[in-house]
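Asks: Mind folding the following:
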Amino acid sequence: MNKSALTVCAIVLASGSAASRAQEYEQNAAIEQDVVVTAQQQRRQVTSDGSLGALGDLGALETPFNVRNYTAQLVLDQQAETLGEVLENDPSVRTTQGFGNQSELFVIRGFPLNGDDVALDGLYGITPRQLVSPELYERVQVLNGSSAFLFGAAPGGSGLGGGINLTPKRADKTLLRATVSYAGDKLWGGAIDVGTRFGANDAFGLRVNGVYRDGDTAVDDERRSVRVVGADFDFRAGPGRFFLDFGYEDQRVYQPRPQVRLANTSLAIPRVPGADANYAQPWAFTKLRDVYVLARAEVDVAPDWTVYIAGGLRDGREDGDYATPTVTNSTTGAATQARLFVPREDNNESGQLGLRGKFALAGTTHAISVGATLVMAENRNAFASGGYRTATGGFTATTPTNIYEPVAVPRPANLPGTGTGGNLADPPRASYTEFGSLFASDTIGLFNDRLLVTGGVRQQKLIVEGFNRATFVRATRYDRSAATPVVGIVVRPTSTFSLYGNRIDGLVQGPTAPNTATVNPGEIFAPYRTTQYEVGAKWEVHRLTTTLALYRTTQPNGYTIATPTPANPVATTFVVDGRQRNQGIELGFNGEPTDWLRVIGGGTINDATLRRTAGGLTDGNTAIGVPDYQVNFGLEVVPPFLRAATLTGRVVHTGHQYLDATNRQRLDDWTRFDLGMRYILVADDHPVTLRVSAENIANRRYWTSAFGGYLLQGQPRTVKASITVEY
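Replies: Below is the predicted model of the structure:
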């Protein structure tokens, strides 16, 4: 073979080798990209295990309660901006608002949970109130049912139907995640999530989150501004774990669309205004600023035995100018509008300590938990009613408007005389609350823990003081104690299936008789106590958890009755003699039955009935604002022809509700559809996720809630988009 032929052969062989290497490189790159995409898509959005307060961490099938945890991945994937948007996945929860303002109020099993009573890492009083940005938290845990033993009595006086507990994010690995987002009309924003571990054996961890959003929402003329920062530091070495969490939230809403009230029960439910209509006054606003610090230490003092102590504090400030329209003519939409300005400050402290351990004895296992909690909350507030100018130069408390054709008026001055309570520049102390408790429990395991029986009790002491805003003198004092037991049973015939039941109490501070009760004004009643009975079943297979629960809870109700005497024929007395009985069925499912399908949601049937009402006039009626059934069903599908994409869809359906106890004013049922898509690109082995979604895609107008006796309008079509880069 001549020299030229050898050269040609060498070139051909070299080219073939290079082509082979190039092909191999492309194949490896494709495999690596597929691995990255698959890893992103398989991150869990919902789990059913987690911490249960006094009982500690439990697996889904070991828990005698109905519990779900919505993870930080779900918050990211669904572009959720508030806790309410996270809980739109939950068939047992509906989100409404507090009276007159923009606070989120959660209705669980037909009972309210105030924003003040959302727990943070098991502690009450520390979570920012009213509005909470979920981006700071690893999990949003929802516990269906009463929880007085598990977490103690909630200081805000709610939570009889269920509770919410937030878990801060921790640094588990090195992470750098940046997100740019858009929502509504012109609401732009961004978020950053940075974490790392360092030091010998990665003993130290640091996680920092920041969120910024500002701009117009999908509601006409409504504007929101959000500034949030959170930092979480931890140290893990030997038998000890130490955590320090810090959070700052600044939430502002300008010209927020308000709720609507009806002047009396004879009025019909008015036609819903346009989906994006806004009947707020231009000067209305809500400003919320909260700072919190939380510290926790856990030390393993022996195998299977841990001592823990935690404490935190929160400093909060709220300012709001509110104007709620009251409809006087349902046909024309004519209404009056009052004004209320409220400055408020909160200083809360909370702590807990305890011991948890396990041991075996005579063929049985025991999980012991003992501890104590203390929550102290001081609230300072003032208020001023609006003084609208009249044609004669005087003042009036209300001004005409219309929910279909709003009438804008200048911001009124503070109404002179009785229209003001307290110093607006320096709000006086209005109340002080101190809730303390001691608890103990034992979970006994039999037959290799196939049968788990939990028994426990929490002794609670509730102190509530009220102060005169003008004289600063204590006007009322409430000091009562109560024991709240718990019994729970779990039967596990197989490793993937369990049956459970529980009997647990709820506890909130008792009511105070209003001044309209002439016989006993200011009388403080014993704590409200409810008893819940629940049975259910859980099934886990291929990362899919299904739960079926049947429950019944009865709550005392108070009302004023006529008690005439010869000396006082118009005398009235406030009594606690009524009942509200909520019972129902819950079906929930979450997880991935296959590698290409994810489901989240379920359905709830709730029968909320009034009993022993004043004069028996509304006995047997449905409680205000409690739908007879609710359905939330979400799907995520990875199409075989586009493996880097995820198609999402969700339907939210709510049955009819009543606005009044006489059940004359009925809201129609409503259905909302959401659609979206995620697509994952891979840049230098790093995922870049593109997201786009549309909530209420049909732009349907509807009254979403009647809870509390007022109408709340559902949000209009809201388009969201974001880009997340992760290293």
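
Asks: host element of Val37?
Replies: Using DSSP states H and E, Val37 sits in helix 3-41.

Asks: Give me the pLDDT for Thr471.
Replies: Here, the pLDDT recorded for Thr471 equals 87.

Asks: gap between it and Ala430?
Replies: With the distance defined as C-beta to C-beta, to the nearest Å, Thr471 ends up 12 Å from Ala430. The way it works is simple: take the backbone N, C-alpha and C, and place the C-beta from them, glycine included.

Asks: Of the two, give the one with the bigger neighbour count.
Replies: Legend: neighbour count by other C-beta atoms under 10 Å for Thr471 and Ala430, higher for Ala430 (21 against 9).

Asks: Next, the contact list for the more buried one, please.
Replies: Asn379, Arg380, Asn381, Gly422, Gly466, Phe467, Arg469 (C-beta atoms under 8 Å, 6 or more residues apart in numbering).

Asks: Please identify which of those residues is nearest to Trp283.
Replies: Using C-beta to C-beta, Asn381 comes nearest to Trp283 of those, at 20.1 Å.

Asks: how near is the residue nearest to that closest one when sequence neighbours are not counted to Gly316?
Replies: For Asn381, ignoring the flanking residues on the chain, the nearest one in space by C-beta to C-beta, 6 or more residues apart in numbering is Arg344 at 4.1 Å. As judged by C-beta to C-beta, Arg344 and Gly316 stand 8 Å apart.

Asks: Just give me the residue closest to the centre of the chain.
Replies: The centroid of the chain falls nearest to Leu83 when counting by C-alpha atoms, centre = their mean (4.6 Å).

Asks: For the closest residue to it other than its chain neighbours, which residues are in contact?
Replies: Once flanking residues are discounted, Leu83 sits nearest to Val132: 4.9 Å by C-beta to C-beta, 6+ apart. By C-beta under 8 Å, 6+ apart, the contact list for Val132 reads Thr82, Leu83, Glu104, Gly115, Val118, Leu166, Glu249.

Asks: ok, back up a step: wait, the residue nearest to the centre of the chain touches Gln141, no?
Replies: No - using C-beta atoms under 8 Å, Leu83 is not in contact with Gln141; the gap is 11.2 Å.

Asks: Which neighbours do the two have in common?
Replies: The contact lists of Leu83 and Gln141 share Ile164, where a contact means C-beta under 8 Å, 6+ apart.

Asks: End to end on stretch 601-621, go ahead and measure it.
Replies: 29 Å (C-alpha to C-alpha, to the nearest Å).

Asks: got the buried residues for that stretch?
Replies: Of the residues in stretch 601-621, 601-610, 613-614, 618, 621 count as buried by neighbour count, 16 or more other C-beta atoms under 10 Å.

Asks: And the helix or strand encompassing Val253, what's buried?
Replies: The secondary structure element spanning Val253 is strand 240-254 (assigned by DSSP H and E). With burial defined by 16+ other C-beta under 10 Å, the residues of strand 240-254 counted as buried are Arg241, Phe243, Asp245, Phe246, Gly247, Tyr248, Glu249, Asp250, Gln251, Arg252, Val253, Tyr254.

Asks: Likewise for stretch 61-70?
Replies: With burial defined by 16+ other C-beta under 10 Å, the residues of stretch 61-70 counted as buried are Leu61, Glu62, Thr63, Pro64, Phe65, Asn66, Val67, Arg68, Asn69, Tyr70.

Asks: what do you get for stretch 98-105?
Replies: Gly98, Gly100, Asn101, Gln102, Ser103, Glu104, Leu105.

Asks: mind listing what Thr127 touches?
Replies: Contacts for Thr127 (C-beta under 8 Å, 6+ apart) come out as Gly115, Val118, Ala119, Leu120, Leu166, Tyr292, Arg314.

Asks: Just give me the least confident of these.
Replies: For the contacts of Thr127, the least confident entry is Gly115, with 87.

Asks: mind checking how far it is from Gly311?
Replies: Gly115 sits 21 Å away from Gly311, taking C-beta to C-beta as the criterion.

Asks: Comparing the two, which shows the higher neighbour count?
Replies: Neighbours were counted for Gly115 and for Gly311 using other C-beta under 10 Å; Gly115 has more, 23 against 17.

Asks: give me phi/psi at that one?
Replies: In terms of degrees, to the nearest 10, the main-chain angles of Gly115 are phi -60, psi -30.

Asks: Hmm, it is touching Gln97, no?
Replies: No - counting by C-beta under 8 Å, Gly115 stays clear of Gln97, with 9.8 Å between them.

Asks: which residues are common contacts for these two?
Replies: Residues touching both Gly115 and Gln97 (C-beta under 8 Å, 6+ apart) are Ser103, Glu104, Leu105.

Asks: Among these, which are located in strands?
Replies: Among the shared contacts of Gly115 and Gln97, the residues falling in strands (DSSP state E) are Glu104, Leu105.

Asks: Any idea which of the shared contacts of Gly115 and Gln97 the model trusts least?
Replies: Minimum pLDDT across the shared contacts of Gly115 and Gln97 is recorded for Ser103, with 87.

Asks: With Asp116 as the reference, measure out to that one.
Replies: Ser103 sits at a distance of 9 Å from Asp116 (criterion: C-beta to C-beta).

Asks: shared neighbours of the two, anything?
Replies: Common contacts of Ser103 and Asp116, defined by C-beta under 8 Å, 6+ apart, comprise Arg129.

Asks: Between the two ends of stretch 56-72, how far is it?
Replies: Using C-alpha to C-alpha, one end of stretch 56-72 lies 21 Å from the other.

Asks: now the strands for the stretch 501-650 of the chain?
Replies: Along the stretch 501-650 of the chain, the segments classed as strands by DSSP state E, counting those that start in this stretch run 528-541, 544-562, 572-594, 597-611, 629-637, 645-654.

Asks: Only the buried residues of the first one, if you could.
Replies: Neighbour-count burial for strand 528-541, counted by 16+ other C-beta under 10 Å, picks out Tyr528, Arg529, Thr530, Gln532, Tyr533, Glu534, Gly536, Lys538, Trp539, Glu540.

Asks: and if you look at the second one?
Replies: Neighbour-count burial for strand 544-562, counted by 16+ other C-beta under 10 Å, picks out 544-549, 551, 553-560.

Asks: Tell me which other helices or strands that strand touches.
Replies: strand 528-541, strand 572-594, strand 597-611 (3 or more C-beta pairs under 8 Å, 6 or more residues apart in numbering; DSSP states H and E).
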